[in-house]
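In: sequence and predicted structure below; questions after.
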Amino acid sequence: MVLSANILDQTPEIIAKWPKPNYNNPDQLTWLPIYSCIWFGAATVMVAVRFWLRKRGHAGRLGLDDAVLLAAWIASLMFTTVSVVFTESANGGRHVWDVKPALRSRAVLCMWLAQFSFLICSGATKVSILFFYRRLVAGTYSRKWYWCVWLAIAFTIAYTFTFCIVLLLDCKPTRAYWMAFDIKFALTKDYSCLDNSNVMNAVAGVVPAIGDLYAVALPCIITWHHDVPRRQRIALNAIFCLGLVVVAASGIRTYWLISKLSQN
């Protein structure tokens, strides 16, 4: 029996080094629910405005990009809900040794659901943006750019689907991912989990970063080769290049993960 190391590696040696638990007055971060709700509210307003404009014909017709964006919004609703439950009823935001034993499985379940909803939300958002690029190239640019956009869409769907499958199959049965932190389950049930966190965390950082860079570079290249006024071209590329902030964040996160893993 191997416990998945993607959340915690609760070996007896590590547990023995934990400080004395403080269940009543622990150090705790309480900002996550407020933070998540604020950004979800802002995203909801923007999505609602977009659908309203599309429905009235002020920003093109409703299309695949809108359908995929709706899926991303639903996943973000799930992520926000899980964030609130994690903090308010699963001892989230505490040090692991301060989480009550009876709530550890619930806390890890919240983490699992958060990972799943984040994968769907981020993947669907990127695909929605790429479908919007497809609108830009339809009937205007060469088929080379058309297929470049479809390649980016296929790449994003493929790695999002793959990471979701890995998350589902990380433990056998799947519920062992969080139930392994229940002492009764751990002692009485037969289960197994893959110790693949070192590889998967690094891959989960590198692959989306490549996809983000591709998604930023693609519209810049397309508009640069299109016959539009120079000032307008520069303005469009400046807007698209704001996506480099996401690429930089992905790169920093990936570097941090790999450096931490190399120390273990």
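Out: Received the coordinates, thanks. Please read these numbers as outputs of a predicted model, since none were measured by experiment.
In: quick one: secondary structure of residue 57?
Out: Secondary structure state of residue 57, per DSSP: H, G, I helix; E, B strand; the rest coil, is coil.
In: that one: neighbour count?
Out: A count of neighbours around residue 57, defined by other C-beta atoms under 10 Å, yields 9. From N, CA and C alone the C-beta is placed, and that goes for glycine too.
In: identify the residues contacting stretch 45-58?
Out: The contact list for stretch 45-58, computed with C-beta atoms under 8 Å, 6 or more residues apart in numbering, reads 59-62, 66, 69-70, 73.
In: now do the SS call for the residue nearest the centre of the chain.
Out: Computing the C-alpha centroid of the chain and ranking residues by C-alpha atoms, centre = their mean puts residue 118 first, at 3.2 Å. Classification of residue 118 by three-state DSSP places it in helix.
In: mind checking how far it is from residue 129?
Out: Distance, residue 118 to residue 129, using C-beta to C-beta, to the nearest Å: 17 Å.
In: same question, residue 56
Out: 22 Å.
In: so between the two, which is more surrounded?
Out: residue 129 (22 against 8).
In: coming back round to it: measure the residue nearest to the centre of the chain to residue 85 for me?
Out: 15 Å.
In: circling back: now tabulate the contacts of stretch 45-58 in a markdown table and tack on pLDDT and neighbour count.
Out: Conversion of the contacts of stretch 45-58 to a markdown table gives the following (pLDDT from 0 to 100; neighbours: other C-beta atoms under 10 Å):
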| residue | pLDDT | neighbour count |
| --- | --- | --- |
| 59 | 69 | 14 |
| 60 | 74 | 12 |
| 61 | 80 | 9 |
| 62 | 83 | 14 |
| 66 | 90 | 19 |
| 69 | 93 | 23 |
| 70 | 94 | 15 |
| 73 | 96 | 21 |
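In: closest one to residue 25 out of those residues, please.
Out: The nearest member of the contacts of stretch 45-58 to residue 25, counting by C-beta to C-beta, is residue 73 at 37.9 Å.
In: now do the contacts for the closest one.
Out: 43-44, 47.
In: which residues in this protein form helices?
Out: 12-16, 32-55, 64-89, 104-137, 143-169, 176-179, 183-188, 197-224, 230-240, 244-263 (DSSP state H).
In: let me know the pLDDT of residue 105.
Out: On pLDDT, residue 105 comes in at 90.
In: residues in contact with it?
Out: Taking C-beta under 8 Å, 6+ apart as the test, what residue 105 contacts is 178-179, 181-182, 185.
In: residue 116 against residue 167, yeah?
Out: Yes. If you go by C-beta atoms under 8 Å, residue 116 and residue 167 touch, sitting 5.9 Å apart.
In: which residues touch stretch 113-133?
Out: For stretch 113-133, contacts defined as C-beta under 8 Å, 6+ apart pick out 63-66, 68-69, 71-72, 75-76, 78-79, 82-83, 86, 149, 152-153, 156-157, 159-160, 163-164, 167, 208, 211-212, 215, 218-219, 222.
In: ok, the contacts of stretch 45-58 vs residue 245, which is closest?
Out: Looking across the contacts of stretch 45-58 and measuring by C-beta to C-beta, the closest to residue 245 is residue 69, at 20.0 Å.
In: who's in contact with that closest one?
Out: Residue 69 makes contact with 47, 50, 124-125, 128 under the criterion C-beta under 8 Å, 6+ apart.
In: residue 248: which of these is nearest?
Out: Nearest to residue 248 among the contacts of residue 69, counting by C-beta to C-beta, is residue 125 at 17.6 Å.
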